[in-house]
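Asks: Provide a 3D model corresponding to the input given below.
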Amino acid sequence: MTPSQNRLVTLEEYIIQKQNKFPGATGELSQLLRDIGLAAKIISREVNKAGITNLLGVDGSTNVHGESVKKLDLFADSQLISALDRSMITCMVISEENDGVVRLNSEGGKYIVYLDPLDGSSNIDVNVSIGSIFSVYMRQPRFEKELVEADALQPGVRQVAAGYVLYGSSTILAYTTGLGVSAFTLDPSIGEFILSFDNYKIPDHGSIYSINEGSYNSWQEGLKKYIKYCQQEDPETSRPYTARYIGSMVADLHRTLVKGGIFIYPASSKYPEGKLRLMYECNPLSFIIEQAGGLATDGKKRILEIEPTAIHQTSPIYIGSPKNVEMAQSFISKN
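Replies: This next block holds a predicted model:
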């Protein structure tokens, strides 16, 4: 994890620098990333003043998953989709806040984008960190045919870019295009994302585990034993581990990326296929963690190799430092 040099490098400048390393690059993916960066600035501004602009609370509707929609959910969804629509290079968007695909004005666009516009929105009204997640795929070469939902059903290994924005004590945008992970911090005084860390590397092992322990009784036996292992005292392996759970996957994953450890959202008796969405939560964050040297599985299989069957499909996830994830899997495989 290397800090940026003394000269400040903006997100836009960094994207252009990386693009210039690829002869023949058209700049369209670079433009898409800049569009998301602009939307993130607008969302960050509204998040920071939500309490005085009547953007707190629920909208009164529910999304496709039956969850109450917050006013900021809809605002973030609208800003991200509008930003992607303006550049005419994205043909469709799939968002947590929409039942089906959203076809944009440019049906000939090269990219398909998945969005979780505001992850952890249950934390909005209590001023706890929340985030946005995005995942980018190339449209398959069948441009002469009408866009269909199946065009968006691609495994995570086909992502061409993925990232998240964390709205916390500062606003951080992290992304990867398959060449490592870079992070930028928003400087509100100049309105620019500034490179803060390039080539993030997750620690091989961490002493933090992150899981909602309130669901303990609904877990499989192997996971219960792993959590007990995390809680047992053993100075040689830095145990007991520390439990940290924010309830926003972006916030929990950012901490895991920086400090190491493991984040788990498992299958349970209530959610036998897991609760987190594969395409716009698990896949993009797994891409980032893998690019930083970590691992991400559903307990058995690599997340990025799962063949999706539905745009809102769910999956269990075990993600974080390689040694932590491997140890968790060893417990699960024995039970």
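Asks: When you work out contacts or count neighbours from here on, use the C-alpha atoms and nothing else.
Replies: Will do.
Asks: can you count the residues close to residue 281?
Replies: Other residues near residue 281 come to 25 when the count uses other CA atoms under 10 Å.
Asks: Helix, strand or coil: sort out it for me.
Replies: helix (DSSP: H, G, I helix; E, B strand; the rest coil).
Asks: can you pull the pLDDT of residue 1?
Replies: For residue 1, the pLDDT comes out at 49.
Asks: secondary structure class for residue 93?
Replies: strand.
Asks: quick one: residue 277 and residue 315 touch, right?
Replies: Yes - proximity of residue 277 to residue 315 meets the contact threshold set by CA atoms under 8 Å, at 6.3 Å.
Asks: Give me the mean pLDDT for stretch 102-112.
Replies: Here the average pLDDT along stretch 102-112 is 83.
Asks: out of residue 277 and residue 315, which sits in the more crowded spot?
Replies: A count of neighbours by other CA under 10 Å puts residue 315 above the other of residue 277 and residue 315, at 25 against 19.
Asks: Give me the nearest residue to that one, chain neighbours excluded.
Replies: With sequence-adjacent residues excluded and distances taken as CA to CA, 6 or more residues apart in numbering, residue 315 is closest to residue 274, at 4.6 Å.
Asks: can you confirm the one you found is in a helix?
Replies: No - using three-state DSSP, the assignment for residue 274 is coil, not a helix.
Asks: What count of nearby residues applies to it?
Replies: Each residue near residue 274 was counted by other CA under 10 Å, and the total is 19.
Asks: Return the residues in contact with it.
Replies: Taking CA atoms under 8 Å, 6 or more residues apart in numbering, we find residue 274 in contact with 265-268, 314-317.
Asks: Tell me which of these fall in strands.
Replies: Those of those mapping onto strands are 265, 317, per DSSP state E.
Asks: Which one of the contacts of residue 274 sits in the busiest neighbourhood?
Replies: Among the contacts of residue 274, the one with the most neighbours (other CA under 10 Å) is residue 317, at 28 neighbours.
Asks: hey, what's it bridged with?
Replies: Beta-bridge pairing of residue 317 under DSSP bridges involves residue 265.
Asks: That one and residue 179: what is the separation?
Replies: Distance of residue 317 to residue 179, given as CA to CA, to the nearest Å: 23 Å.
Asks: where does the stretch 201-335 of the chain have low pLDDT?
Replies: Across the stretch 201-335 of the chain, nothing is flagged by pLDDT under 70.
Asks: Now do the strands in it.
Replies: Under the criterion DSSP state E, counting those that start in this stretch, the stretch 201-335 of the chain contains strands at 208-210, 242-243, 262-265, 295-297, 317-320.
Asks: Let's have those strands in TSV, adding distance to residue 146.
Replies: Listed next are the strands of the stretch 201-335 of the chain as TSV, based on distance: least, CA to CA, whole Å:
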stretch	distance to residue 146
strand 208-210	43
strand 242-243	49
strand 262-265	36
strand 295-297	34
strand 317-320	34
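Asks: Would you agree residue 185 falls within a strand?
Replies: Yes - assigned with three-state DSSP, residue 185 falls within a strand.
Asks: Now flag whichever of the contacts of residue 274 is closest to residue 109.
Replies: Closest approach between those and residue 109, by CA to CA: residue 314, at 27.1 Å.
Asks: wait, the closest one sits on residue 271?
Replies: No - with contact defined as CA under 8 Å, residue 314 does not reach residue 271; the gap is 9.1 Å.
Asks: okay, and the common contacts of those two?
Replies: Joint contacts of residue 314 and residue 271 (CA under 8 Å, 6+ apart) do not exist.
Asks: can you pull the contacts of residue 133?
Replies: Counting by CA under 8 Å, 6+ apart, residue 133 touches 115-119, 162-165, 250, 280-281, 284-285.
Asks: partner residues bridging it?
Replies: In this entry, residue 133 is beta-bridged to residue 116, residue 164, by DSSP bridges.
Asks: Residue 49 and residue 185, how far apart?
Replies: From residue 49 to residue 185 the distance is 18 Å (CA to CA).
Asks: Neighbour count: these two, which is higher?
Replies: A direct count of neighbours by other CA under 10 Å for residue 49 and residue 185 places residue 185 higher, at 20 against 12.
Asks: now the more buried one, which residues is it bridged with?
Replies: So, taking DSSP bridges as the rule, residue 185 has residue 172, residue 194 as bridge partners.
Asks: Isn't it up against residue 172?
Replies: Yes - the pair residue 185 / residue 172 is scored as a contact, 4.5 Å apart, by CA under 8 Å.
Asks: overlap in contacts of the two?
Replies: residue 193.
Asks: What segments of the stretch 51-200 of the chain are strands?
Replies: Going by DSSP E, counting those that start in this stretch, the stretch 51-200 of the chain shows strands at 58-62, 68-70, 90-95, 102-103, 111-119, 130-138, 159-167, 171-176, 181-187, 192-198.
Asks: Could I get the contacting residues of residue 216?
Replies: Listed by CA under 8 Å, 6+ apart, the contact set of residue 216 reads residue 224.
Asks: ok, it to residue 267 distance?
Replies: From residue 216 across to residue 267, the span is 11 Å (CA to CA).
Asks: try residue 291
Replies: According to CA to CA, residue 291 and residue 267 sit 25 Å apart.
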